[in-house]
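A.B. asks: sequence unknown, structure follows:
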């Protein structure tokens, strides 16, 4: 923008022409001298001033995994997992921990019978096909030994999904049946069903 003085003008931005630098001054007051290409008169140019933001935004905060991971609520129920296969043991244990349960592990039916003789459990997850003593025989012994053994829920876990296999589990004294591979949602449903019914 030019003022009314024909000899000089103040410009917001330098026009095309020669720019003569002045000695160094603070950025807010530094002026430049240019030649008006039409009249040949000297003109002064004030460079635009950068105004800092009044309220700068705070830096974004990083969100760690702990901020988005829900906390698993521990369940007080005491479980016994009877499984001879190490991989199946690990998978079942991880599922139970994800659901908030801890479990003791017995590697066969004989160990399960010994574990039940030492302490009481709220629920037993029993594999059916195991060395030394299978799950069916272990269940019969547990049911016959004590009053506690007659009421503790025993849920079979087996890959044999035929109707006669389920009937054999129930006839041995098992309370319910989970087909393998065990799915976490089905496991959670069985645990809720039998633990809440006691």
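C.D. replies: Perfect, I can see it now. Bear in mind the structure is a predicted one, so any value in this text is a computation, not a measurement. Numbers count the residues shown, from 1 in each chain.
A.B. asks: ok, which stretches of this structure are helices?
C.D. replies: For the chain, the helices defined by DSSP state H occupy 65-68, 86-99, 109-118, 135-145, 147-151, 163-171, 184-196.
A.B. asks: quick one: which of those helices is nearest residue 74?
C.D. replies: Closest to residue 74 of those, according to C-beta to C-beta: helix 86-99, at 9.5 Å. For the C-beta atoms, the positions are set from N, CA and C on the backbone; glycine is no exception.
A.B. asks: average pLDDT for that closest one?
C.D. replies: Mean pLDDT, computed over helix 86-99, is 96.
A.B. asks: Against which helices or strands is it packed?
C.D. replies: With contacts taken as 3 or more C-beta pairs under 8 Å, 6 or more residues apart in numbering; DSSP states H and E, helix 86-99 sits against strand 78-82, strand 102-106, helix 184-196.
A.B. asks: which one of the helices of the chain has the lowest average pLDDT?
C.D. replies: Among the helices of the chain, helix 65-68 scores lowest, at a mean of 42.
A.B. asks: that older thread, reformat the helices and strands packed on helix 86-99 into TSV and put distance to residue 88 and mean neighbour count next to each item.
C.D. replies: Output for the helices and strands packed on helix 86-99, formatted as TSV (distance: least, C-beta to C-beta, whole Å; neighbours: other C-beta atoms under 10 Å):
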stretch	distance to residue 88	mean neighbour count
strand 78-82	9	22
strand 102-106	11	19
helix 184-196	12	15
